[in-house]
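Undergrad: Build me a model from this:
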Amino acid sequence: MDGYRKVVAHPGIGPLMVLGFFAKIAVVAIPVVMNLGVVLGLGRGFGASGLVIALWTVGVAIGGPVQGKLMDRYGVRRVLAASVAGQALFWGLGPALPYEALAVSAVACGLLNLPGFAIVRLRLAVAIPEEERHTAFALDAMTSNISYMVGPALGVTIATAISSDVSMRGLGLIVSLAGIGLWLLNPQVRDEVKGTDAPSAKPAKVPFRAWFTPALVPVLMATTATTLATAGYEVAIVGGLREAGQVEWSGLVLTVCGLCSLIGALVYGTLKNPPSFALISGLVGLTTVVGGFATGDWRWLCLAMVLPAALCSPAFASTASAASGLAPAGARGVVMGCYSAALTLGNSIGAPLSGTVQDAMSPMWAFVIIGAAGATLSALALAGSLRNAKKPGPAAEPAPPVLAESAS
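TA: Numbering: from 1, shown residues only. Next comes the predicted model:
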């Protein structure tokens, strides 16, 4: 555990992880709170709620890279100020909006999504030495994993026990407080400029081809593959147990998956030489296939999901570490924004694909197809990564010049 102590010992990392954790809890609860806000609050169907969530997802996918680019130029405070204002407005007024207005506003909510995940990862990429970075991202994966276990459950509990309006406004309050806390902490997410007293000096623009490199593409592919598999198998677990008449055990199976993922991240962070990101994500897909042959009994399904769940957080930690290592100074934010978009893309494909396969065929085939899709995409990522490794590297280019002006 010495590696984790070293990571937390870096100045400001402890408070950042705590604030980031609360921000993550709020962000991951957004889809389920939106869902219940439409279904319970407006009395509409799940199809209508799915459209609102889809529109929010589109906003997140577009807003992530844009927010990252703005953080590269101006730091986190301007982005956080806009995000907190937008989130407070949406969640404060959301319960009173008619369905059509809520759907349109969901896009803006996504565009101004609180970038808690991205800020934590950017700060780790800047503050943590390369040899400790995989441990730092394993810690980030653990806090993310816990947030996924806590956030949606808390949102459902408040919405069903009190009301969907209280759930929406409570979420807005948590998002706003977490954003204000991050604004006050003001973590530096840009590389300090050597030879100046202004760590916030704005770097020159980094050309697109300088940061969107062939080496980054496999990382984004593996990231999408992992989220596709994990989002898909969560839906397939519930569907498989419902078909077996054991749906009441789905909560326990998903909880075991969460605990296994947490343990996997803990172990991954202690490794001296962690495996390739594409190899781990590929194993997530391959082991997910096994779950399809255990849907008849919750005990066997629980056992079958140990491996894919345990590999889930290490896969996210390894891809985040790889993406941060490929991001040049001046473009870390936009690269990690693209990484966040890849996560969102996998989530938006995995769950609907799993549900569609279940409706057309069976939960068993959902596991098989989701796992095979994730493994295939990871295999392509591995092939691309190996091909890039064999290519002779170009001559090192000088660092981009830095403008003397400071960001206000």
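
Undergrad: what about the residue nearest to Val289 when sequence neighbours are not counted, distance to Leu382?
TA: What sits nearest to Val289 in space, not counting adjacent residues and going by C-beta to C-beta, 6 or more residues apart in numbering, is Gly371, at 3.7 Å. For glycine as for every other residue, the C-beta is placed from the backbone atoms N, C-alpha and C. Using C-beta to C-beta, to the nearest Å, one gets 16 Å for the distance from Gly371 to Leu382.

Undergrad: next one: Val8
TA: Val8 is 32 Å from Leu382, by C-beta to C-beta.

Undergrad: Look at the two and report which has more neighbours.
TA: Using other C-beta atoms under 10 Å as the criterion, Val8 and Leu382 rank with Leu382 on top: 19 against 13.

Undergrad: my guess is the more buried one meets Pro218, correct?
TA: Yes: Leu382 is within contact range of Pro218, at 7.2 Å (criterion: C-beta atoms under 8 Å).

Undergrad: Which of the residues in stretch 349-362 are classified as buried?
TA: By neighbour count on 16 or more other C-beta atoms under 10 Å, the buried set for stretch 349-362 is Ile349, Gly350, Ala351, Leu353, Ser354, Gly355, Val357, Gln358, Ser362.

Undergrad: wait, what's in contact with Ile237?
TA: Ser250, Val253, Leu254, Cys257, Gly291, Leu301, Met305 (C-beta atoms under 8 Å, 6 or more residues apart in numbering).

Undergrad: typo on my end, it should be Phe22
TA: Per C-beta under 8 Å, 6+ apart, neighbours of Phe22: Ile174, Leu177, Ala178, Gly181.

Undergrad: Quick one: neighbours of the third one, just the number.
TA: In this case it means Ala178. Ala178 has 25 nearby residues by other C-beta under 10 Å.

Undergrad: and if you look at the second one?
TA: A count of neighbours around Leu177, defined by other C-beta under 10 Å, yields 15.

Undergrad: Can you tell me the closest non-neighbouring residue to it?
TA: Nearest one to Leu177, counting by C-beta to C-beta, 6+ apart, is Phe22 at 7.5 Å.

Undergrad: which one among the contacts of Ile237 gets closest to Gly337?
TA: Cys257 (28.0 Å; C-beta to C-beta).

Undergrad: any idea how far that closest one lies from Leu311?
TA: 11 Å.

Undergrad: picking up where we left off before, what is in contact with Leu382 and Pro218 at once?
TA: By C-beta under 8 Å, 6+ apart, the residues touching both Leu382 and Pro218 are Ala278.

Undergrad: Could you break this protein into its assigned domains?
TA: Domain assignment of the chain by automatic domain parsing yields the ranges 1-191, 208-390.

Undergrad: now, of these, which is deepest in the fold?
TA: domain 208-390 (a mean of 21; mean count of other C-beta atoms under 10 Å).

Undergrad: quick one: Leu326 and Pro218 touch, right?
TA: No: in this structure, Leu326 is not within contact of Pro218 by C-beta under 8 Å, at 10.0 Å.

Undergrad: Now do the contacts for Ser144.
TA: So Ser144 contacts Lys24, Phe117, Ser313, Phe316 (C-beta under 8 Å, 6+ apart).

Undergrad: Just the terminal-to-terminal distance for stretch 289-305.
TA: 10 Å (C-alpha to C-alpha, to the nearest Å).

Undergrad: residue ranges of the strands in the stretch 151-300 of the chain, please?
TA: Using DSSP state E, counting those that start in this stretch, the strands found in the stretch 151-300 of the chain span residues 201-203.

Undergrad: Tell me where the model's unsure across it.
TA: 191-204 (pLDDT under 70).

Undergrad: Recalculate using a threshold of 90.
TA: Within the stretch 151-300 of the chain, the stretches with pLDDT under 90 are 151-164, 188-213, 231-258, 262, 265-266, 268-275, 295-297.

Undergrad: residue ranges of the helices in it, please?
TA: Secondary structure of the stretch 151-300 of the chain (DSSP state H, counting those that start in this stretch): helices located at 164-185, 208-211, 216-243, 250-268, 277-291, 298-304.

Undergrad: Might you report the residue contacts of Val175?
TA: Ala23, Ala26, Val27, Val84, Gln87, Ala88, Trp91, Leu114.

Undergrad: tell me the secondary structure for Ala329?
TA: coil (DSSP: H, G, I helix; E, B strand; the rest coil).

Undergrad: Contacts for stretch 342-356 next, please.
TA: 54, 57, 60-61, 64, 220-221, 223-236, 239, 316, 366, 369-370, 373.

Undergrad: between the helix or strand containing Val334 and helix 216-243, how big is the angle?
TA: Taking DSSP states H and E as the criterion, Val334 maps to helix 332-360. Computed with axes from the mean of the first three to the mean of the last three C-alpha atoms, to 10 degrees, the direction of helix 332-360 lies at 30 degrees from that of helix 216-243.

Undergrad: distance between helix 332-360 and the chain's centre?
TA: 10 Å (C-alpha atoms, centre = their mean, to the nearest Å).

Undergrad: Same check on stretch 148-163?
TA: With C-alpha atoms, centre = their mean, you get 20 Å for stretch 148-163.

Undergrad: List the contacts of that stretch.
TA: Under C-beta under 8 Å, 6+ apart, the answer for stretch 148-163 is 24-29, 31-33, 36-37, 40-41, 166-167, 170-171, 255, 258.

Undergrad: hmm, 6 Å instead?
TA: Ile25, Val28, Ala29, Val32, Val33, Leu36, Val166, Ser167, Gly170, Gly258 (C-beta atoms under 6 Å, 6 or more residues apart in numbering).

Undergrad: residues in contact with the third one?
TA: In this case it means Ala29. So Ala29 contacts Gly151, Pro152, Gly155, Leu171 (C-beta under 6 Å, 6+ apart).

Undergrad: Please tell me how far it sits from Phe22.
TA: 11 Å.

Undergrad: again with the last one
TA: Using C-beta to C-beta, one obtains 18 Å as the distance from Gly258 to Phe22.

Undergrad: circling back: any idea which of the contacts of Ile237 is the one closest to Met1?
TA: Among these, and counting by C-beta to C-beta, the member closest to Met1 is Cys257, at 23.7 Å.

Undergrad: Does that closest one touch Ala309 like I think?
TA: Yes: contact criterion C-beta atoms under 6 Å: Cys257 and Ala309 qualify, at 3.8 Å.
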